[in-house]
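Student: predicted model, plus sequence, below.
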Amino acid sequence: MIKFELSDSQPEPERPDAPTSPPEPPQANDRSEGGEQQSAIGPPETIVDVVTEREGAEPTSGGVQAIDVPGSPGTDFVPVALSAGPPEPEPLLPFDDAPTRQPPALRDYVRSLPDEVGRALHVGRDQHDEPFLQLYKSNVVHRLRDPATRIFLGRSMIDAGSLLRPAELQAIMDEIEGYARLYGQRQHVWVGIAPNDEGGIDVDQVGDCEGIVRVVPGRVDLVADGTATLFYRAPRALRRMWSKDRGDFYKLLKYLENLRFQDRRLAAFWVLYTLAHPKVATTVFVHLILIGPQGSGKTLLMTILKAIIWPSSTGVQPLPRNAVDLAIAATQGHVCAFDNIRSISMWLADLFCLMATSGVITGRTLYSNDGQSVINLHCAVMLTSLHTVVTEADFADRSLQIHVPPLDAARRRDPAVVMQEFESDLPSIFRGALELIAEIYEHLPLVEPVNPQRVYRFSHWLAALERIDGVPAGGYQGWYRDALGQVMLDSLHESSLNVAVLDFVETQPGGRWSGTAAELLVALNRATGRRSSSGGDWPVNEIALARRLRASVAAFRTQGIEIAFTRGRARTITITRIGGAGHE
């Protein structure tokens with residue numbers, strides 16, 4: 001540390017307001033005596049260079065141009081900043097013509113990194129600006145903030161002959177993170193399934209070599225390395241088994257024999273659809289809901305379907321209690337499996353709708369006052385329950401509900417034996433699924449869905465499967481429409497108001513009624529024997545009635561009932577039976 005001290009022997013600095021005369025320069029600094037110019041600004045060569053550049057003066061033969069320093073006695077020099085006219089602004093360079101600087105190599109930036117380690121590592125940033133490490137020519141990258149990355153880097157340093165203390169290793173990781181944030185190239189990193197540039201998908205961690213399977217229209221290839229697709233490996237993700245022979249996806253159907261024929265096919269098609277769609281902004285997932293009594297094998301069925309899409313040691317799990325835990329579970333894989341759901345509240349149904357179409361969960365960053373933490377919420381969901389849990393029409397519209405009948409005692413088997421047989425068939429089922437997906441990719445541009453539902457892409461997917469299997473157009477789509485109508489009807493039956501409307505429209509002449517919300521509430525009270533102050537889930541006034549009916553318009557439409565709201569001097573509600581079966 002440098003100290004500055006004042007003593008009595010030092011002259012007091014001169015005040016600016018005191019009348020002074022130009023001070024005499026010290027003799028020791030006189031150039032005629034061979035002294036050197038002293039300045040707090042810098043050495044004389046620096047000043048000479050600046051003034052020479054501004055005034056166009058040429059240096060003397062001695063290498064130093066004798067100049068008048070601003071502020072010296074007898075000087076007429078006026079600095080540029082104080083001249084009459086402002087300086088000319090420097091011209092702006094176009095972005096493409098701006099000078100660029102080549103970033104330093106990682107081993108030059110982190111000098112304590114051994115050369116062989118620095119040459120083998122690539123540092124970048126993912127789509128969320130999080131730094132990662134990548135081994136040379138590897139498709140797997142490691143988040144810098146993961147504890148596993150610290151172990152990976154420490155082992156690499158030991159292999160290179162560098163023994164570091166934990167503090168030294170942490171310092172190296174901090175320098176690597178700084179390099180990544182300054183110079184790291186931004187690249188998209190996926191988990192499990194990624195889109196490729198050929199209109200298909202890349203599936204990670206497949207086969208004995210843990211390579212990548214590339215699925216494109218009409219072709220499936222196993223790629224060991226050399227692709228530009230980058231993956232994070234989820235901590236509990238398992239290696240996907242790969243059959244060396246041609247696959248057979250429809251081996252899966254023998255494990256779904258307890259279901260109806262239509263539900264068996266729809267469950268298998270849902271597996272194909274979910275496996276073939278990576279988590280991109282345009283993907284809309286369909287949630288699978290398995291409803292059945294105790295002992296129907298719902299959990300075993302969900303475990304089998306999940307193992308095809310996303311093999312993981314996590315397995316099935318209970319439903320998270322808050323939005324953050326749900327979002328974290330969604331980031332760990334391609335599908336979430338929640339078992340034994342008792343009920344789904346309105347806020348949770350909204351989150352499931354957000355998971356189908358892609359969204360985020362935000363919150364305060366830990367140990368900060370104004371930092372915001374963002375977690376993506378985009379994942380397919382599987383649910384099992386003993387009874388109907390879908391009460392919101394918006395959630396029902398994004399779901400595929402399948403009823404699982406109880407197992408006969410004569411057909412009941414040991415679940416461990418069933419899983420052992422399934423694991424032996426899984427490599428063939430998985431490869432057959434990818435081969436069928438490649439075939440579907442070929443037919444998608446050639447077909448159009450018939451009467452598509454809200455999740456248009458799933459209807460389009462079924463249309464391509466109809467063409468492949470030789471089914472008449474609308475066959476598989478009709479099954480999906482009926483299943484969607486059933487789950488919509490179940491959601492309507494969860495409200496006494498909706499049930500009353502279903503019964504009321506059947507009694508109207510011509511299947512049509514029109515009037516104000518107040519008149520409709522009076523008519524429904526008269527038909528059900530209720531009073532406006534009944535309470536519970538029954539609306540207490542016409543405003544509550546209109547609000548609840550608006551939320552169920554889509555569900556009523558699936559039952560052949562159209563509800564229209566007309567705005568004007570008198571706001572009217574028109575209920576019309578437009579076709580379709582009743583709700584019984």
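Tutor: Perfect, I can see it now. Model, not experiment: these values are computed from the prediction.
Student: who's in contact with residue 500?
Tutor: Taking C-beta atoms under 8 Å, 6 or more residues apart in numbering, we find residue 500 in contact with 524, 527-528. Just so you know, the C-beta spots here come from the backbone N, C-alpha and C atoms, and that holds for glycine as well.
Student: are any of those residues buried, and which?
Tutor: 524, 528 (16 or more other C-beta atoms under 10 Å).
Student: inside helices: which ones of the contacts of residue 500?
Tutor: Within the contacts of residue 500, residues falling in helices by DSSP state H are 524, 527-528.
Student: let me know the closest of the residues you listed to residue 477.
Tutor: residue 524 (34.8 Å; C-beta to C-beta).
Student: the strand or helix carrying residue 220: which residues count as buried?
Tutor: In this structure, residue 220 sits in strand 219-223 according to DSSP states H and E. Neighbour-count burial for strand 219-223, counted by 16+ other C-beta under 10 Å, picks out 220, 222-223.
Student: export the residues you listed to CSV and tack on pLDDT?
Tutor: Converted to CSV, these look like this (pLDDT from 0 to 100):
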residue, pLDDT
220, 94
222, 86
223, 84
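Student: kindly report the domain assignment for the chain.
Tutor: 27-79, 106-186, 191-232, 253-485, 495-577 (automatic domain parsing).
Student: gap between the longest one and the chain center?
Tutor: Average the C-alpha atoms of domain 253-485, do the same for its chain, and the two points are 18 Å apart (C-alpha atoms, centre = their mean, to the nearest Å).
Student: distance to residue 244 for the domains of the chain - can I get that in JSON lines?
Tutor: Below are these laid out as JSON lines (distance: least, C-beta to C-beta, whole Å):
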{"stretch": "domain 27-79", "distance to residue 244": "74"}
{"stretch": "domain 106-186", "distance to residue 244": "21"}
{"stretch": "domain 191-232", "distance to residue 244": "9"}
{"stretch": "domain 253-485", "distance to residue 244": "8"}
{"stretch": "domain 495-577", "distance to residue 244": "46"}
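Student: closest one to residue 243 among those?
Tutor: Across these, residue 243 has its closest neighbour in domain 253-485 (3.9 Å, C-beta to C-beta).
Student: what pLDDT, on average, does the closest one get?
Tutor: Taken as a whole, domain 253-485 has a mean pLDDT of 92.
Student: what residue is smack in the middle of the protein?
Tutor: residue 376 (4.1 Å; C-alpha atoms, centre = their mean).
Student: elements contacting the strand holding residue 220?
Tutor: Judged by 3 or more C-beta pairs under 8 Å, 6 or more residues apart in numbering; DSSP states H and E, strand 219-223 is in contact with strand 211-216, helix 415-443.
Student: how many degrees apart are that strand and helix 415-443 in direction?
Tutor: Relative orientation of strand 219-223 versus helix 415-443 (axes from the mean of the first three to the mean of the last three C-alpha atoms, to 10 degrees): 120 degrees.
Student: after strand 219-223, next one along is what?
Tutor: Immediately after strand 219-223, counting by DSSP H and E, sits strand 230-232.
Student: what lies in contact with that next one?
Tutor: Around strand 230-232, the neighbours that count as contacts under C-beta under 8 Å, 6+ apart are 132, 134, 139-143, 187-192, 194, 204-205, 212.
Student: tell me the strands beside it, with direction?
Tutor: When pairing is defined by DSSP bridges, strand 230-232 lines up against strand 140-143 (parallel), strand 189-191 (parallel).
Student: including mean pLDDT and distance to residue 240, could those go into JSON lines?
Tutor: JSON lines is the format used below for the strands paired with strand 230-232 (pLDDT from 0 to 100; distance: least, C-beta to C-beta, whole Å):
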{"stretch": "strand 140-143", "mean pLDDT": "90", "distance to residue 240": "14"}
{"stretch": "strand 189-191", "mean pLDDT": "93", "distance to residue 240": "14"}
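Student: need those strands in JSON lines with mean neighbour count and distance to residue 231, can you?
Tutor: Shown next, in JSON lines, are the strands paired with strand 230-232 (neighbours: other C-beta atoms under 10 Å; distance: least, C-beta to C-beta, whole Å):
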{"stretch": "strand 140-143", "mean neighbour count": "19", "distance to residue 231": "6"}
{"stretch": "strand 189-191", "mean neighbour count": "20", "distance to residue 231": "5"}
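Student: of the ones you listed, which approaches residue 480 most closely?
Tutor: So among the strands paired with strand 230-232, strand 189-191 is nearest, using C-beta to C-beta, at 28.1 Å.
Student: so which elements touch the next helix or strand after the closest one?
Tutor: Next in sequence after strand 189-191, counting helices and strands by DSSP H and E, comes strand 193-195. Contact partners of strand 193-195 among helices and strands, from 3+ C-beta pairs under 8 Å, 6+ apart: strand 201-206.
Student: same thing but at 10 Å, please
Tutor: strand 201-206, strand 211-216, strand 230-232 (3 or more C-beta pairs under 10 Å, 6 or more residues apart in numbering; DSSP states H and E).
Student: so where is the stretch 51-200 of the chain shaky, pLDDT-wise?
Tutor: The model of the stretch 51-200 of the chain has pLDDT under 70 over residues 51-101.
Student: again, only using 80
Tutor: For the stretch 51-200 of the chain, the stretches with pLDDT under 80 are 51-102, 136-137.
Student: which parts of it are strands?
Tutor: 121-125, 131-135, 140-143, 185-186, 189-191, 193-195 (DSSP state E, counting those that start in this stretch).
Student: with the stretch 401-550 of the chain instead?
Tutor: 512-516.
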